[in-house]
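Trainee: Sequence first, then the predicted structure, then my questions.
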Amino acid sequence: MSTLLEKHIVELLHERNEKAISLLYEHYGDTLFGVAFKVVRDSELAQDVLQESFVKIWKKSDSYDSSKAKLFTWLFRITRNTAIDKLRSVNTKSDKEIQIDVSDVYNLGVESIRPEFMDVKENLEKIEHKYHVVLDALFFQGMTQQEASDELNIPLGTIKSRLKIGLRELKKIYGNSMVLLPLLNLIS
């Protein structure tokens, strides 16, 4: 790609001009699809990764700095990281699928509900806000860690750290009660 065209695309990105995305797709789409496919090894998944990558590229367009990296390098990194995240997400979901017929999750009786733990959401208010926000997103809004990372604009590693610390803070409130043990096992 010519340097002139690359500069033009970067200018359009910084101006938040949608033409930038179509030019990026036209000139880099196939290559970035190849990057995604090499990581996820599935055409449909690679298409999802490509779409998510372009959304991230659009959202982060003002963060691109041509003095730090060439445009393609920046695009490559976003696409590769998105593909790795997607692959982890897919693997994690398939590893943790619940087999309803062999699970007793749905066999909880009224006697297993303990009133002293019905206030978990209220007790979130007692922990530091940055941990509260992450726990709320993951447990009460039903987001995955990646979705919380995207929605809250917090790096995935930070989401994981805040999850661990937030659960430890809740454990201080509840002590060694049984309600948090399954949650703590998830992050161990």
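Mentor: Thanks, I have the structure now.
Trainee: quick one: contacts for the spatially most central residue of the chain?
Mentor: Note on the chain: the residue nearest the mean C-alpha position is Gln146, at 1.2 Å, using C-alpha atoms, centre = their mean. The contact partners of Gln146, by C-beta atoms under 8 Å, 6 or more residues apart in numbering, come to Asp85, Ser89, Leu156. (Glycine included, C-beta is placed from N, CA and C.)
Trainee: In terms of pLDDT, where does the first one sit?
Mentor: According to the per-residue confidence, Asp85 scores 91 in pLDDT.
Trainee: same check, this time on the second one
Mentor: Model confidence at Ser89, expressed as pLDDT, equals 84.
Trainee: One more: the last one?
Mentor: The per-residue pLDDT reported for Leu156 equals 91.
Trainee: What separation is there between Leu32 and Leu124?
Mentor: Summarising the geometry, the distance separating Leu32 from Leu124, computed by C-beta to C-beta, to the nearest Å, is 39 Å.
Trainee: who's more crowded, these two?
Mentor: Neighbours were counted for Leu32 and for Leu124 using other C-beta atoms under 10 Å; Leu32 has more, 26 against 21.
Trainee: buried sites along the helix or strand encompassing the residue nearest to the centre of the chain?
Mentor: In this assignment (DSSP states H and E), Gln146 forms part of helix 145-152. In terms of neighbour count (16 or more other C-beta atoms under 10 Å), helix 145-152 has its buried residues at Gln145, Gln146, Ala148, Ser149, Asp150, Leu152.
Trainee: any low-confidence regions in the protein?
Mentor: Low-confidence regions of the chain, defined by pLDDT under 70, span residues 1, 92-121, 175-188.
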